[in-house]
Each structure stands twice: as structure tokens, then as C-alpha cells.
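Participant: starting from these lines, generate the structure:
(one chain, ligands or ions: 2)
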Amino acid sequence: MQKSNIVVGLDIGTTKVCVVVAEKDEVGKLNILGKGRTDSEGLQRATVVNINKTVDAIKSAVADAERESSIRIKGVNVGISGAHVHCINSNSEISVNQSGVVNASDVKRFLEKAKTNIRYLDIDHEIIHVIPQEFIVDDQEGVLDPIGMAGTTMRGSAYIVVGMKTKIRNIKQCVEKAGLEVNAMTFEPIASGLAVMKKSEKKSGVVIVDIGGGTTEVAIYIDGAIRFSEVIKVAANDVTHDVAYGVKALYEVAEELKIKHGFAYSKERIEDEEILIDGIEGRPCKSFMKSSLTLIIEARMMEIFELIREAVKRSGYFEYLNAGAVITGGGSLMPGTDTLASNILGLDVRTGFPEGVSGGIKGAINNPIYATVMGLVAYSFENSDFQDSDVIDLRDGQTEPVDAEESHPEGETGRKIVDRLKDWWEKL
Ligand SMILES: Nc1ncnc2c1ncn2[C@@H]1O[C@H](COP(=O)(O)OP(=O)(O)OP(=O)(O)O)[C@@H](O)[C@H]1O
Ligand SMILES: [Mg+2]
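Facilitator: Ligands and ions are numbered 1, 2, ... in the order given. Next up is the predicted model:
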């Protein structure tokens, strides 16, 4: 099987499901061939609560991405998140192979041993990732890439991401019911970090914060390796709920108000003005001052950053964060958030947009809400997760092989018939 030059990321988020199809160009940048985005209604705090709605959203986003890219998608790297995901540090030690030079299979054995060395894994949890942190080859410490180094023993530590089996199975089920294969599954803050952080930041020490709709994800990198991560169950949709409660409006009205007039930092002077809001179900319009809206938003955003600060302090790495923090995800788009974050965290803060992207629809993806999906694509290129059979390239007028059409029928009608037969079979 040939490694594929085209990869696909699928981010099943609390507010949106999005798919990106990308290939690497000659200079190693990600050329976006197509993307699809659909509102998500089947998740709560990044965990699937409605399979059918999630499957429908995946299908719709995939169909759009396929149409735009002229690539038939068969496999994806899907993101996983939620408060059930947590991490364990594990040590490992192996003897280097007989040649005395570390090779890829030594690294594989090292990681396998790190898995078996986990002291305790809940019976209802399973391993999602085993990521090397650093290697010590004989007495040489701080090695990030040991392949090719001479030595007799290799010691070191690995970062092991685990999650609840049932919640992982639900994600896999949704992807498979949408007619796709799960090629890889990546913990979302690791993906977002890969998309928006610079190598120099990871080396200096940095915390990446992805403020999504339902969860806020935190990951810390020191000396180029991941050291800590946590998923917090308070995020930007809670801001919207507070606004709806504060101004007594529908959630959708509050969301619009938040995006249009929202501000996160009350000490920064903004021109105050009166905003008119539609009443619920024909009730009269109400007016609200912009400064009052800021106070509502600020209170919740403060809570989010206080929880992040607590997590960072608990990690024990606060003193090592020389590069400060990078904030991303939709919640980072609220004006004033970087200043508020910097004050509360006591760190330099910048907003992270997906990096290393080229091609025609680069602009459409240049938004922190796409950090995760772009990171999923970047992660698959780094790990060579995709093979030629995972996508079918239909550009330049190429036609789909007959057997592929059968396994993944062209067009909505074909898919609907297969889905109906599946539903009928499941009901039996
Ligand atoms: N311009 C904006 N200003 C303020 N908030 C915004 C803006 N754009 C998006 N948001 C907020 O960002 C949130 C959605 O972010 P994002 O798309 O990263 O979430 P998600 O990936 O779907 O959710 P999660 O990662 O929690 O599963 C929503 O609460 C939305 O209101
Ligand atoms: Mg997200």
C-alpha cells in the first residue's frame, strides 16, 4: 500500500462538524482541496448524545468537502475530546537492537513497553495515544528523535492519552454509520496545538487553550513535548446562555448579540450604546446597554480563565511557560479576550490561527474555529496515517472504480437507500 498524499480531518465539535481534505504542496504547506461545515446538534460538551443527528451532520459536511475537492473520502482522522479524556505519564526502558543504532522498531518497542508500564488504567477506559516525551540514549538526556543514534539502552517517558471506551465507541460508530472508516483518532488539543503553535513556542514552554462551544481544552508543551492536558467543561456556549438569561432573550438571539456586540474586558474603554433586542414570541422589543452586555460576558470569560489558571498551576509547569499562552477555538474570537486572558493567567497571550496553509481556499480556513480540523490534517501528514486506498482522487475527470462505487454509492439517493436498509435491519 502506498502512503497517500491526500489526508482528511473530521472535527465533530459541539457547535459544528467540519471536514477538511488537504494535500501537501512542493514546499510542505497544506493545500486545502475542499472543506465542509455543518451545524452540530448531536453533541453536548464534545460528547455524542444523539447518534442520528451526529451521523447526518457528518454526512452533510463530508458531501460538501467531497464536492468541493473532487475527492471521494473513505477514511478520516477524527478528533476526540470531552472531560472523560485524561492523560498518564509512563516510563519505559529497552535494549537497543543488535546493530547498536536506534531504529524505528526500537521506538515502537519503547512505546509498547510504556503502554504496559501504566500503573493503573480504569477498566472502562482505553488508550488513544502513546506519545514519546523524551528519550535518554545511554547517558545522553533530552533526545527528542533518537533514530540513528548509537547506544545500547534507551530510557525515557511517554505521554499516554486515555478515554472512556463507550464514548470513544460512540464517535467511531457515528463515523462508520456515515459510511467512513476511522483511520486515526487524535485528542483535539494535540491537533489544535499542531495547527496554531510554532515549534519555537513548544520548545520554550507554552500553554495552548482551545475555547470551543462546549469544552475548553488545555495542553502544555515544554522542551518540545506535551506534558499536561485537561478538558474543562465550561466554554463559549455558556457565555451565550448567560447572555440569554441576562437579557431574557432566546438562545439564538443571545448568540447573535454576543457575536455582534460582545466584548470580554470591561476595563478597556468602549463606546457605550443602547442595543435593541427582539422580545420572545412577539413580546415588545427591549433595550440593553453594551456595557451591561460586556459585564455578563466578562464574568463567564473570567471563570473560564480562572479554571485554566488553576489547571496550569496544578500541572506544576506554570514557571516554565516562557512563551506564554496561545488561545484558539471560536471563544478566542471574542474581542478583549486576549487582554483578559493575559491579566488572569499572568502570561503573554496571542490568538492562534491555523498556520502553514496554502491554496485557493486558504482564506476560508483562516479562523481559530478551524484549528482542530487543520491540526487533524497536519497530524495525519506527520504520522503517515493515510494510504492511497483511503481517498479516491476524482480530479482531472477521473472516474470512480466500480467496486468503490458499490461500497460508497454515488449521490444522495444511493446513500439514502443504503441508510434505509441499515435502519430497517437494525430495527429487526
Ligand atoms: N466571532 C466570534 N465572537 C465571539 N464568539 C464566537 C465567535 N465565533 C464563534 N464564537 C463562539 O465560539 C463557539 C464555537 O467555537 P468552536 O467552533 O471552536 O466550537 P466547537 O469546536 O464546535 O466546540 P467544542 O470544541 O467545544 O466541541 C460558540 O460558542 C460561538 O458562539
Ligand atoms: Mg472544537
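
Participant: so is the helix of greatest length in the chain next to ligand 1?
Facilitator: The longest helix of the chain (DSSP state H) is helix 290-315. No. Under the criterion of CB under 6 Å from any ligand atom, helix 290-315 makes no contact with ligand 1; the nearest approach is 8.8 Å. Any C-beta I mention is one placed from the backbone N, CA and C, and that applies to glycine too.

Participant: equivalent analysis for stretch 187-205, please.
Facilitator: No. Using CB under 6 Å from any ligand atom, stretch 187-205 stays clear of ligand 1, with a minimum separation of 6.6 Å.

Participant: quick one: average confidence on that stretch?
Facilitator: On average, the pLDDT along stretch 187-205 is 96.

Participant: next one: phi and psi at the residue of the stretch 201-350 of the chain found nearest ligand 2?
Facilitator: Residue of the stretch 201-350 of the chain nearest ligand 2, by CB to the ion: Gly212 (3.5 Å). With angles defined as degrees, to the nearest 10, Gly212 shows backbone torsions of phi -90, psi -160.

Participant: returning to what we had before: buried sites along the longest helix of the chain?
Facilitator: 290, 293-294, 296-298, 300-305, 307-309, 311-312, 315 (16 or more other CB atoms under 10 Å).

Participant: coming back round to it: burial count for the residue lying closest to the residue of the stretch 201-350 of the chain closest to ligand 2 once chain neighbours are set aside?
Facilitator: With sequence-adjacent residues excluded and distances taken as CB to CB, 6 or more residues apart in numbering, Gly212 is closest to Gly329, at 4.7 Å. Residues near Gly329, counting by other CB atoms under 10 Å, number 29.

Participant: repeat that for Val391.
Facilitator: 24.

Participant: spell out which parts of the protein neighbour ligand 2.
Facilitator: With CB under 5 Å from the ion as the criterion, the chain meets ligand 2 at residues Gly13, Gly212, Thr372.

Participant: the first one contacts Leu43, correct?
Facilitator: Yes. With contact defined as CB atoms under 8 Å, Gly13 counts as touching Leu43 (7.1 Å).

Participant: against ligand 1, how distant is the residue located most distally from the centre of the chain?
Facilitator: The centre of the chain is farthest from one residue, Pro284, which by CA atoms, centre = their mean lies 41.4 Å away. As judged by CB to the nearest ligand atom, to the nearest Å, Pro284 and ligand 1 stand 26 Å apart.

Participant: quick one: that residue is in a helix?
Facilitator: No. Using DSSP: H, G, I helix; E, B strand; the rest coil, the secondary structure at Pro284 is coil, not a helix.

Participant: ok, and for the helix or strand Gly142 falls within, which residues are buried?
Facilitator: For Gly142, the element it lies in under DSSP states H and E is strand 140-143. Buried residues in strand 140-143, defined by neighbour count with 16+ other CB under 10 Å: Val143.

Participant: circling back: what about the residues of the chain next to ligand 2, which one has the most neighbours?
Facilitator: Scoring the residues of the chain next to ligand 2 on neighbours with other CB under 10 Å, the highest-scoring entry is Thr372 at 34 neighbours.

Participant: quick one, what contacts that one?
Facilitator: With contact taken as CB atoms under 8 Å, 6 or more residues apart in numbering, Thr372 is in contact with Gly9, Asp11, Gly13, Gly79, Glu188, Ala191, Ser192, Ala195, Asp210, Gly329.

Participant: let's see it at 7 Å
Facilitator: Taking CB atoms under 7 Å, 6 or more residues apart in numbering, we find Thr372 in contact with Asp11, Gly79, Glu188, Ala191, Ser192, Asp210.

Participant: what about the second one, how many neighbours?
Facilitator: A count of nearby residues for Gly79, using other CB under 10 Å, gives 26.

Participant: and the closest residue to ligand 2 within the stretch 1-150 of the chain, how far from ligand 1?
Facilitator: Nearest residue of the stretch 1-150 of the chain to ligand 2, counting by CB to the ion: Gly13, 4.0 Å away. Plainly put, Gly13 is 3 Å away from ligand 1 if you go by CB to the nearest ligand atom.

Participant: ramachandran angles for that residue?
Facilitator: The phi and psi values for Gly13, taken as degrees, to the nearest 10, are phi -100, psi 170.

Participant: that one touches Ser40, doesn't it?
Facilitator: Yes. With contact defined as CB atoms under 7 Å, Gly13 counts as touching Ser40 (5.8 Å).

Participant: re earlier: any common contacting residues for Gly13 and Leu43?
Facilitator: Joint contacts of Gly13 and Leu43 (CB under 7 Å, 6+ apart) do not exist.

Participant: what helices or strands is the longest helix of the chain leaning on?
Facilitator: strand 206-211, strand 216-222, strand 225-232, helix 236-247, helix 251-261, helix 337-345 (3 or more CB pairs under 7 Å, 6 or more residues apart in numbering; DSSP states H and E).

Participant: deepest of the ones you listed, which one?
Facilitator: Of all the helices and strands packed on helix 290-315, strand 206-211 carries the top mean neighbour count, a mean of 29, counting by mean count of other CB atoms under 10 Å.

Participant: from the chain's centroid, how far away is that strand?
Facilitator: In this view, strand 206-211 has its centroid 11 Å away from the chain centroid, taken as CA atoms, centre = their mean, to the nearest Å.

Participant: how about residues contacting it?
Facilitator: Counting by CB under 7 Å, 6+ apart, 188-189, 192-193, 196-197, 216-221, 235-236, 304, 308, 312, 321, 323-332, 371-372 sit against strand 206-211.

Participant: could you export that strand as CSV, CA atoms only?
Facilitator: Below are the C-alpha coordinates for strand 206-211, written out as CSV (Å, rounded to 0.1, in the frame of the first residue of the first chain):
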residue,chain,number,x,y,z
VAL,A,206,3.7,27.2,26.1
VAL,A,207,0.1,26.5,27.1
ILE,A,208,-2.4,26.1,24.2
VAL,A,209,-6.1,26.8,25.1
ASP,A,210,-8.9,25.9,22.7
ILE,A,211,-12.1,27.6,23.8
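
Participant: now do that strand and strand 225-232, the angle between them.
Facilitator: Note on geometry: by axes from the mean of the first three to the mean of the last three CA atoms, to 10 degrees, strand 206-211 and strand 225-232 are set 30 degrees apart in direction.
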